[in-house]
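Student: build me a model:
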Amino acid sequence: MSIKFPLEKFRNIGIIAHIDAGKTTTTERILFYTGKTHRLGSVDEGNTVTDWMEQERERGITIVSAAVTAEWKDHLVNIIDTPGHIDFTAEVQRSLRVLDGGIVVFDAVQGVEPQSETVWRQADRYGVPRICFVNKMDRVGASFENSIDSIRERLGANAIPMQIPIGSEAEFQGVVDLLEQKAIIWEDETGSNPVERDIPVDLQQKSKDARARMVEAIAETDDELTHKYLEGQEIGVDEMKAALRRAVISGKAYPVFCGSSLKNRGVQSVLDAVVDYLPSPLDIPPVKGIDPRTDEEVVRHADSSEPLSALVFKIVADPYVGRLAYFRVYSGKVTKGGSVYNPVKRTRERIGRLIRMYADRREEIDEVEAGDIGAVLGFKQSITGDTLCDETKQIVLENITFPEPVISIAIEPKTSADQDRMAEALHRLSEEDPTFRVRSDQETGQTVISGMGELHLEILVDRMMREFNVGANVGRPRVAYRETITRPVEKAETRYVKQSGGHGQYGHVVLEMEPAAPGSGVTFENNIVGGVIPKEFISAVQKGVMEAAEGGTVGGYPVVDIAVSLYDGSYHEVDSSEMAFKMAASMAFKEGMRLGKAVLMEPIMKVEVITPEEFLGDIVGQLSARRGEILGMEVRPGAAQAIRAMIPLSEMFGYATELRSATKGRGAFTMEFDHYQQVSSSLAEELIKSN
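Tutor: Residues are numbered from 1 along each chain as shown. Below you'll find the predicted structure:
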């Protein structure tokens, strides 16, 4: 039975960063130093705890966020190691939604990289307090100062260095703790026993200057300390720690630490900072939600005696134990053997087995209280983003929003035996990953799967084949084009009239359509007054509109960003039916698309290419040839240049090979979806011909 911790000693934190900055290695060291593992896991050797999937170990990257629980200095720390690759951004997003704090890991050579910027902005959106860890201080070209500058410049963050490194690159051996004014050296191989020493003579002046800047930066975050500082009074270490904690929790400051996770240096200082500066569930504002019965706002505090409010933030289809749902409890508690209410699905869910996750290993527990994170086996209905609460005191928490997929591939089973297995596998994988979509192409009869990128789909297909034992043929990646209208349509009208033996069919619908904000999808509003269309047919009209929107009129691609309003029509006492209104709505929608001058839209990607300077001209030429719009360039460490550009996704297939050959294998690029943009008329013609 595990020890019970008071709420102020809980820390729910995520480890977030750009791909390859060292998040998983940092998590491994945390597990080692907290006594959860007794060996040092290595990403290169494929024996880490949090990267437990075969696909993660083969590629050396994190794909799914793994939850781990550890203890440090009488505190319980729930850690989520998140992916850095942009294709798995949904994993980061849903983790940030339920976390109270974060450790942002930066590469000491590269500083702020594109994905560091993306996850930083996501953390801003969810108001997650952060501390920073500049990792890989032992690498050639590592610079703590340059990393601090890039955090300040590129992220606009108030970064406060809490340490300065002792030695650099291969000579990096420890840090000076500016707050306590002492040197910490890691002498032994595993870094388990850091030794405290006096500050080396050659660093004494530098440390003094750095500490003065740190004290000033901390004092600026607090009125009382500012007053003391200006009057020249001494500010105590405890006062500074308390002020810095308040500043971190309110998002005014970001303390920065440095080290090398791979060489086992610096991780204990980060763990101390998690305890000292990141919030407990009591330090964050109470969670707000809506009572679905009254639409009134409801507030819940982090207290186990309050009514239950919890959020399901991840579903895992485990081939051995079944469906595992991760959840965060904001108030009240979830007890083994009890039941909870899902107000989104309007169903009760029974709590079978409660589990505290230790990456892919499990410890059975009896309850999960306010402020804690747990997992449950046996949920039938609940999916990512659903709320769990008491049926008598209902609350719906804000859902988690995910980006739309931008790339598709067709997939078909090899044998009839694979057919059923494939349907089951795709269903379970789409439950697990909200950015993975499955649909059936009406014209070809093929199953089409969509995701955030080539790697995303490659991993999902690989998992389907291995975990669910499905044989399948996979098509080539295709861009997920969209359609929308370019001008408002005041009147799109259709009468569906069909006479046959017996009753006829009659449905008459008048729609208004207009372009809507990017990312809003298709919205439907019922503005019928006076009962010109009876209420029972309205849902059929909505269904007809939504089904028609799945395949547009220009090239048969899904329709997005349109607001549809039903404002007039008529019905027949005998001949009207749901089917007739559905057909009329579908035809009216297609007519509206024609009148609204429908166009094709393509996904535009934000691309960053890093190349040695000597190849700069060639790379700019390559990007321009791929319809790229160059946004800017900046110098990076090691005589490298970073080029930022906006490029259509359709032009990026095969770019990795071209870049490698143009830069003799030294170039690298990252890309993420940015927005949809209208396709030129000549390209649209080509696409329609080839479709």
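Student: can you pull the phi/psi pair for Phe581?
Tutor: Here is the backbone geometry of Phe581 (degrees, to the nearest 10): phi -70, psi -30.
Student: neighbours of Gly504, how many?
Tutor: 15 (other C-beta atoms under 10 Å). Yep, even glycine has a C-beta here, placed from its N, CA and C like the rest.
Student: over to Asp420?
Tutor: 11.
Student: begin at 56, not 1, for the rest of this chat.
Tutor: Fine by me, first position is 56 from now on; the one you just mentioned is Asp475.
Student: regarding it, what is its secondary structure?
Tutor: Secondary structure, DSSP: H, G, I helix; E, B strand; the rest coil: Asp475 is helix.
Student: against Pro336, how distant is it?
Tutor: 44 Å (C-beta to C-beta, to the nearest Å).
Student: now Gly344
Tutor: In terms of C-beta to C-beta, Gly344 sits 16 Å off from Pro336.
Student: of those two, who's got more company?
Tutor: More crowded of Gly344 and Pro336, by other C-beta under 10 Å: Pro336, with 24 against 20.
Student: leaving out the residues flanking it, which one is nearest to that one?
Tutor: Take Pro336 and drop its neighbours on the chain: the residue closest to it by C-beta to C-beta, 6 or more residues apart in numbering is Gly426, 3.1 Å away.
Student: list the contacts of the host helix or strand of Glu689.
Tutor: Following DSSP states H and E, the helix or strand that holds Glu689 is strand 684-691. For strand 684-691, contacts defined as C-beta atoms under 8 Å, 6 or more residues apart in numbering pick out 165, 665, 671, 675, 678-679, 696-702.
Student: okay if I get those as CSV plus distance to Gly562?
Tutor: What follows is these, written out as CSV (distance: C-beta to C-beta, whole Å):
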residue, distance to Gly562
Gln165, 60
Ile665, 58
Leu671, 62
Val675, 57
Leu678, 51
Ser679, 52
Gln696, 61
Ala697, 57
Ile698, 55
Arg699, 52
Ala700, 49
Met701, 44
Ile702, 45
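Student: what about the residues you listed, which are in helices?
Tutor: Assignment to helices by DSSP state H places the following of the contacts of strand 684-691 there: Leu671, Val675, Leu678, Ser679.
Student: still on that earlier bit, hang on, the residue nearest to Pro336 in a helix?
Tutor: No. Secondary structure of Gly426 (three-state DSSP): coil, not part of a helix.
Student: how many neighbouring residues does it have?
Tutor: Neighbour tally, Gly426, other C-beta under 10 Å: 28.
Student: how about the contacts made by it?
Tutor: Leu62, Phe65, Asn67, Ser335, Pro336, Leu337, Ala357, Val384, Tyr385.
Student: just the buried ones from the contacts of strand 684-691, in PyMOL syntax?
Tutor: In PyMOL, a selection of the buried entries from the contacts of strand 684-691 looks like this (16 or more other C-beta atoms under 10 Å):
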select buried, resi 165+665+671+675+678+696+697+698+700+701+702
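Student: which one of the contacts of strand 684-691 is nearest to Pro216?
Tutor: Nearest to Pro216 among the contacts of strand 684-691 is Gln165, at 17.9 Å by C-beta to C-beta.
Student: tell me the confidence at Ala697?
Tutor: Ala697 carries a pLDDT score of 86 in this model.
Student: just list whatever residues bridge to it.
Tutor: Ile665, Glu689 (DSSP bridges).
Student: do I have it right that it meets Val664?
Tutor: Yes. With contact defined as C-beta atoms under 8 Å, Ala697 and Val664 form a contacting pair (7.2 Å).
Student: which parts of the stretch 306-455 of the chain are helices?
Tutor: 322-332 (DSSP state H, counting those that start in this stretch).
Student: what sits against Val270?
Tutor: Here Val270 is in contact with Tyr284, Ile290, Met295 (C-beta under 8 Å, 6+ apart).
Student: now, which of the contacts of Gly426 lie within strands?
Tutor: Phe65, Asn67, Val384, Tyr385 (DSSP state E).
Student: separation between the nearest residue to Val132 once chain neighbours are set aside and Gly291?
Tutor: Distance criterion C-beta to C-beta, 6+ apart; nearest residue to Val132, sequence neighbours excluded, is Arg66 at 4.6 Å. Noted for Arg66: a distance of 24 Å to Gly291, by C-beta to C-beta.
Student: of the two, who's got more company?
Tutor: Arg66 (24 against 10).
Student: that one against Asp129, yeah?
Tutor: No. Here Arg66 does not reach Asp129: they are 11.5 Å apart, not a contact under C-beta under 8 Å.
Student: show the subsequent helix or strand relative to the lowest-mean-pLDDT helix or strand in the chain.
Tutor: Counting by mean pLDDT, DSSP states H and E, the chain has its least confident helix or strand at helix 109-114, which shows a mean of 41. Following helix 109-114 in sequence order, the next helix or strand is strand 121-127 (DSSP H and E).
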